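Student: predicted structure and sequence below. I'll ask about it afterward.
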Amino acid sequence: MFTGLKPYPEYKASGLPGIERLPVDWSESRLRSVAQLRVSNVDKLSREGETPVQLCNYVDVYKHEFISEYLSYMAATASLAELAAFRLRLGDVLITKDSEAWNDIGVPALVVDEAEDFVSGYHLALLRARQGVLEGEYLLRTLQAPAVAAQLHVAANGVTRFGLSQDDIKSTTIPLPSLPEQTSIAQFLRNANDRIDRAIIAKRQMIGLVEEQKQVEIGRLACGELSNKSPMKESGFAWLGSIPANWEVVRAKNLYREVDERSLTGLEEQLSVSHLTGVSARRFKSVTMFRASSYVGHKRCRPGDLVVNTMWAWMGALGVTSVEGIVSPAYAVYRPIPKEGLLPSYANLLLRTPRYTANFRARSTGIRPSRFRLYPDQFLVTQVLLPPIDEQSSLVNLAQERARDAEQATEKCRREIELLREFRTRLTADVVTGQLDVREAAAKLPDLDPAALATVDVDDSDDIDAVAEEFLDGDEP
């Protein structure tokens with residue numbers, strides 16, 4: 001599909017910034033000549049006497065290439081005049097009109113489903129292609145081309161918040177082939193993007209599988225399942241199963257004591273447990289400690305202390321701190337008992353394994369997972385595996401090796417995803433500006449329905465992680 005593409009037979013100089021040439025029979029046109037522009041004033045409020053509507057908002061457009069029935073939209077109301085002016089139709093293109101960042105201006109999305117109550121929301125501009133002149137899907141792809149998008153970026157005015165005037169949008173100039181050629185370009189890019197998106201999804205699935213396998217292997221390693229240094233014995237606890245014969249099982253209260261030292265100044269470095277395990281079945285990240293703000297009355301902790309978020313312990317939200325600082329009063333702080341033979345690095349590894357997080361869940365009390373709490377009395381009676389000290393060190397080193405191997409594999413997949421994104425951007429730019437002739441290739445492709453493509457989930461998983469991190473890292477009230 002991507003091989004054998006050639007330039008057009010003949011070109012002419014282009015008057016568009018960032019585009020040196022265009023096919024000789026293409027033209028250049030401002031959006032005011034080929035599309036109707038409507039800037040919505042429908043806000044998120046619901047008012048008595050108005051018509052209930054589904055409101056397509058800024059975030060819907062920013063995060064999704066296709067606006068379809070498969071997304072969930074905000075419920076709001078609109079007047080009859082607003083409903084008539086801003087109801088979305090098939091083929092409409094929405095762009096982000098206002099944003100806090102200049103390069104978030106002009107992000108387009110194509111409407112592939114319509115309904116009587118489906119309207120464009122505030123901070124969006126609606127472009128409706130003129131029939132017989134411009135195809136909506138071609139307009140979508142043209143606005144994605146960096147040279148065209150740059151016109152909107154440059155036109156955006158603001159300091160802390162940027163916005164486009166209606167004249168800025170109408171004055172944007174796009175390359176304009178014939179209508180049949182627009183259809184061919186749209187069809188080619190529809191198929192190309194489908195293939196690229198599916199390749200990205202496959203890479204993300206591979207990352208998830210590598211991460212999951214890493215967690216499984218490290219968990220088995222930390223719990224002695226992969227030990228070949230000694231015969232196995234029964235631990236005496238069903239949830240721990242068999243363990244190496246030279247390992248001990250001791251209660252946490254013999255290894256830790258709870259401490260509750262409070263800050264008098266609130267000037268110490270504040271720490272919080274950052275945790276994402278369990279947000280997605282195939283997404284795992286390590287628990288880390290990071291700086292937040294300072295508060296009087298928070299609990300003090302020292303290097304080597306085990307800090308547990310009591311609400312999220314069942315998801316592995318705990319960690320051994322390497323610095324002195326303070327944590328929220330909602331956390332529990334456990335200080336190692338000297339000379340009991342538990343390395344902090346091994347404890348940090350062991351207590352976040354799936355076997356232990358499952359046990360913490362069983363020991364937590366509450367009416368639902370979001371309110372489960374692992375209270376100190378339950379943590380301190382938890383059975384903790386205790387290998388010989390030299391073996392603890394070896395296990396930590398082996399776990400770090402497994403983690404490095406997994407990171408190399410996932411980093412390779414991430415780089416391949418970035419290359420696929422770069423290729424998609426360049427391909428779109430070359431096709432919609434006529435640097436590559438795709439008419440013959442498009443004629444051989446099956447026709448894909450944009451509405452069907454809208455069901456393919458290619459949302460950036462990093463965004464999901466960011467939302468989850470913000471939710472899970474928050475201190476409890």
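Tutor: Right, received. Where do you want to start?

Student: for the rest of this, base every contact and every neighbour count on C-alpha atoms.
Tutor: OK.

Student: extract the CA atoms of stretch 217-225 and return them as PDB.
Tutor: Extracted C-alpha coordinates of stretch 217-225, given in PDB (Å, rounded to 0.1, in the frame of the first residue of the first chain):
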ATOM      1  CA  GLU A 217       8.500 -13.100  37.000                       C
ATOM      2  CA  ILE A 218       9.600 -10.600  39.600                       C
ATOM      3  CA  GLY A 219       6.800 -11.700  41.900                       C
ATOM      4  CA  ARG A 220       7.700 -15.400  41.500                       C
ATOM      5  CA  LEU A 221      11.400 -14.500  42.000                       C
ATOM      6  CA  ALA A 222      10.800 -12.500  45.200                       C
ATOM      7  CA  CYS A 223       8.600 -15.200  46.700                       C
ATOM      8  CA  GLY A 224      11.100 -18.000  46.100                       C
ATOM      9  CA  GLU A 225       9.300 -19.900  43.300                       C
END
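
Student: in the stretch 101-250 of the chain, which spans are strands?
Tutor: Under the criterion DSSP state E, counting those that start in this stretch, the stretch 101-250 of the chain contains strands at 108-111, 118-120, 124-129, 157-158, 162-163, 173-176, 232-234, 242-244, 248-251.

Student: in its sheet, what does the fourth one sit against?
Tutor: In the sheet, strand 157-158 lines up against strand 162-163 (antiparallel) (DSSP bridges).

Student: can you give the contact residues for the partner strand?
Tutor: Strand 162-163 is touched from outside by 97-102, 105, 156-157, with contacts defined as Cα atoms under 8 Å, 6 or more residues apart in numbering.

Student: who are the contact partners of Asn246?
Tutor: Contacts for Asn246 (Cα under 8 Å, 6+ apart) come out as 230, 387-388.

Student: now, of those, which are buried?
Tutor: Neighbour counting with 16 or more other Cα atoms under 10 Å marks Pro387 as buried within those.

Student: reformat the strands of the stretch 101-250 of the chain as a markdown table; add distance to Glu10 and mean neighbour count.
Tutor: Converted to a markdown table, the strands of the stretch 101-250 of the chain look like this (distance: least, Cα to Cα, whole Å; neighbours: other Cα atoms under 10 Å):
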| stretch | distance to Glu10 | mean neighbour count |
| --- | --- | --- |
| strand 108-111 | 30 | 27 |
| strand 118-120 | 41 | 26 |
| strand 124-129 | 28 | 25 |
| strand 157-158 | 38 | 15 |
| strand 162-163 | 38 | 22 |
| strand 173-176 | 16 | 22 |
| strand 232-234 | 77 | 14 |
| strand 242-244 | 75 | 20 |
| strand 248-251 | 79 | 15 |
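
Student: check those for me: which has the lowest mean pLDDT.
Tutor: Ranked by mean pLDDT, the strands of the stretch 101-250 of the chain end with strand 157-158 in last place, scoring a mean of 88.

Student: contacts for that one?
Tutor: In contact with strand 157-158 (Cα under 8 Å, 6+ apart) are residues 163-164.

Student: among the contacts of Asn246, show me the least confident.
Tutor: Least confident entry in those, by pLDDT: Ser230, with 77.

Student: give me phi/psi at it?
Tutor: Backbone torsions of Ser230, given as degrees, to the nearest 10, read phi -150, psi 160.

Student: touching, it and Gly224? I think so.
Tutor: No: if you go by Cα atoms under 8 Å, Ser230 and Gly224 don't touch, sitting 10.0 Å apart.

Student: picking that back up, how about the contacts of strand 162-163 in TSV, adding distance to Ala147?
Tutor: Listed next are the contacts of strand 162-163 as TSV, based on distance: Cα to Cα, whole Å:
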residue	distance to Ala147
Lys97	18
Asp98	20
Ser99	20
Glu100	21
Ala101	18
Trp102	15
Ile105	14
Ala156	15
Asn157	18
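
Student: mark which of those residues are part of helices, please.
Tutor: Per DSSP state H, helices hold no members of the contacts of strand 162-163.

Student: ok, of these, which one's closest to Leu427?
Tutor: Nearest to Leu427, judged by Cα to Cα, of the contacts of strand 162-163 is Ile105 at 21.5 Å.

Student: for burial, what's the neighbour tally of that closest one?
Tutor: The number of residues packed near Ile105 is 25, by other Cα atoms under 10 Å.

Student: what's the average pLDDT for stretch 416-432?
Tutor: The pLDDT scores in stretch 416-432 average 96.

Student: no, scratch that, I was asking about stretch 254-270
Tutor: Over the span of stretch 254-270, the pLDDT mean works out to 86.

Student: what's near enough to touch the nearest residue to Leu349 once chain neighbours are set aside?
Tutor: Ranked by Cα to Cα, 6 or more residues apart in numbering and with sequence neighbours excluded, the top spatial neighbour of Leu349 is Ala222, at 6.9 Å. Contacts here follow Cα under 8 Å, 6+ apart; on that basis Ala222 touches 346, 349-350, 353, 395-396, 399.

Student: who touches both of Ser230 and Gly224?
Tutor: Shared contacts of Ser230 and Gly224, counting by Cα under 8 Å, 6+ apart, come down to Pro244.

Student: pLDDT weak spots in the stretch 151-300 of the chain?
Tutor: Counting by pLDDT under 70, the stretch 151-300 of the chain shows low-confidence ranges at 272-294.

Student: helices of that one, start to end?
Tutor: Assignment of helices within the stretch 151-300 of the chain using DSSP state H, counting those that start in this stretch yields the ranges 166-171, 179-222.

Student: most packed of the ones you listed?
Tutor: Comparing the helices of the stretch 151-300 of the chain by mean neighbour count (mean count of other Cα atoms under 10 Å), helix 179-222 ranks first with a mean of 19.

Student: picking up where we left off before, restrict the contacts of Ala222 to the buried ones and give me that as a PyMOL selection.
Tutor: Remark: buried members of the contacts of Ala222, expressed as a PyMOL selection using 16+ other Cα under 10 Å:
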select buried, resi 346+349+350+353+395+396+399
